[in-house]
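Asks: Sequence and computational prediction follow.
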Protein chains: 2
Amino acid sequence: MATTKTEPFSAKQITLASLAKALGHPARIAILQVLIEEKTCICGDIVDRVPLAQATISQHLKVLKDSGLIHGEIAPNRSCYCINPEGWNQAKTLLGDFLSSFDDTTSQNCC
Amino acid sequence: MATTKTEPFSAKQITLASLAKALGHPARIAILQVLIEEKTCICGDIVDRVPLAQATISQHLKVLKDSGLIHGEIAPNRSCYCINPEGWNQAKTLLGDFLSSFDDTTSQNCC
DNA sequence: AAATTTTATCGTATTTTTACGATAGTAAAT
DNA sequence: ATTTACTATCGTAAAAATACGATAAAATTT
C-alpha cells in the first residue's frame, strides 16, 4: 500500500512517467551530461567527475540502465556506459509531445 | 544520509531534475493531461477522472504545485488548478534543450 | 604469481514517496 | 439554521529512494 498503482494508467502514461522519473535526480542528469560530452563511452571516469561515492554512482547507473536511457557493457575491470539512442529518442518524443500538448497562447483565463 | 545531495550540482541540474521528478509519476501525468484537456481549470473533477483516493490526488496536486508546473487557487469548497505557463515553459525549455543535447547521428561507436 | 585497479553488489541507515481513511473547515444548497 | 458537498491536512503504514562503507571478483599491471 505504498507502491505506485499502475492499473489505472495507460502504458504510455507509465512509460512517460518512468522516463521522467529516471531523469528526476541531479546526479543522473550529471551522469548523462558526462556521457554526452565525452563522445566515447567512458566508464569509471564518471566517478571522478560526479562527486558521489562510487557505490552511489553505480546505483544511479543501474537506474539509468533500467530506464533504457543508457546502455551498459558491464566488464569487471572496465565497464562501459553510453547513451542508448532508442531510449533517448523515446524520451525525447514522449516528453516532447507531452510538453507540447499545452499551448501557452491558446489556453488561459485561469485561476 | 538518505536525502538527495545538492551541493555537488548546479542550479540548472537541480531545477531540471526537480521538474522531471514532478513528471515522474503516472498519476501526475494523468492529472496534467486532464488540466490540459479541459481548457478551463477544473477542480475536483480530477478526482472523478483519476482513479485514486481524493487524499492521494490532493497530495499529487501539491507536488505539482510545489514544482511550479501548475498553479492552484485553494478555496475550501471549490479549489481551482491549472497549468502554470511559466513553469510549464521552463520544463519544456530545460528538458527540450537537455534531450536535444545528444545527437543520434553524430555520436555512436559505443559499447 | 602477486599486487593493484576497477566496479558491481551486499548490507544498512535514513529519508522520501505513495496511498488511504478519517477529520475539519468552508461554501453552497435546502 | 441545517445539511450537503468539496477538499486540504493529519496520521499512519508500507515501500522505494538515496547514500555510503565494505566486500568480492575479474582484469590489468608489476
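Replies: Nice, thanks for sending it over. Numbering: from 1, shown residues only, chains lettered A, B, ... in the order given.

Asks: where does A:Gln108 land on pLDDT?
Replies: In this prediction, A:Gln108 carries a pLDDT score of 60.

Asks: Which residue does chain A have closest to DNA strand D?
Replies: Scanning chain A for the residue nearest DNA strand D gives A:Ala2, at 2.6 Å (criterion: C-beta to the nearest atom of the strand). For the C-beta atoms, the positions are set from N, CA and C on the backbone; glycine is no exception.

Asks: roughly how far apart are that residue and B:Pro26?
Replies: Distance, A:Ala2 to B:Pro26, using C-beta to C-beta, to the nearest Å: 15 Å.

Asks: Neighbour count for those two, which is higher?
Replies: Between A:Ala2 and B:Pro26, counting by other C-beta atoms under 10 Å in any protein chain shown, B:Pro26 is the more crowded of the two (25 against 3).

Asks: I'd assumed A:Thr4 was in contact with that one.
Replies: Yes - assessed by C-beta atoms under 8 Å, B:Pro26 is found in contact with A:Thr4 at 6.9 Å.

Asks: thought A:Glu86 was touching A:Gly68?
Replies: Yes - counting by C-beta under 8 Å, A:Gly68 is a contact partner of A:Glu86 at 7.1 Å.

Asks: okay, the two: which has more neighbours?
Replies: For A:Glu86 versus A:Gly68, the count of surrounding residues by other C-beta under 10 Å is larger for A:Gly68: 17 against 12.

Asks: Just the buried residues of stretch A:76-89, please?
Replies: A:Ser79, A:Cys80, A:Tyr81, A:Cys82, A:Ile83, A:Asn84, A:Pro85, A:Gly87, A:Trp88 (16 or more other C-beta atoms under 10 Å in any protein chain shown).

Asks: Next: stretch A:87-105.
Replies: A:Gly87, A:Trp88, A:Gln90, A:Ala91, A:Lys92, A:Leu94, A:Leu95, A:Gly96, A:Phe98, A:Leu99, A:Phe102.

Asks: so how far is B:Ser10 from the nearest residue to A:Val50 once chain neighbours are set aside?
Replies: Leaving out its chain neighbours, the residue that sits closest to A:Val50 by C-beta to C-beta, 6 or more residues apart in numbering or on different chains is A:Ala30, at 5.0 Å. According to C-beta to C-beta, A:Ala30 stands 8 Å off from B:Ser10.

Asks: ok, now A:Thr93?
Replies: When C-beta to C-beta is applied, the distance between A:Thr93 and B:Ser10 equals 27 Å.

Asks: now A:Arg78
Replies: Distance, A:Arg78 to B:Ser10, by C-beta to C-beta: 29 Å.

Asks: residues from chain A in reach of DNA strand D?
Replies: Residues of chain A lying close to DNA strand D (C-beta under 7 Å from any atom of the strand) are A:1-4, A:21, A:24-25, A:27, A:52-56, A:59-60, A:63, A:75-78.

Asks: what do you get if the cut-off is 6 Å, keeping everything else the same?
Replies: Within chain A, the positions near DNA strand D by C-beta under 6 Å from any atom of the strand are A:1-3, A:25, A:27, A:52-53, A:55-56, A:59, A:63, A:75-77.
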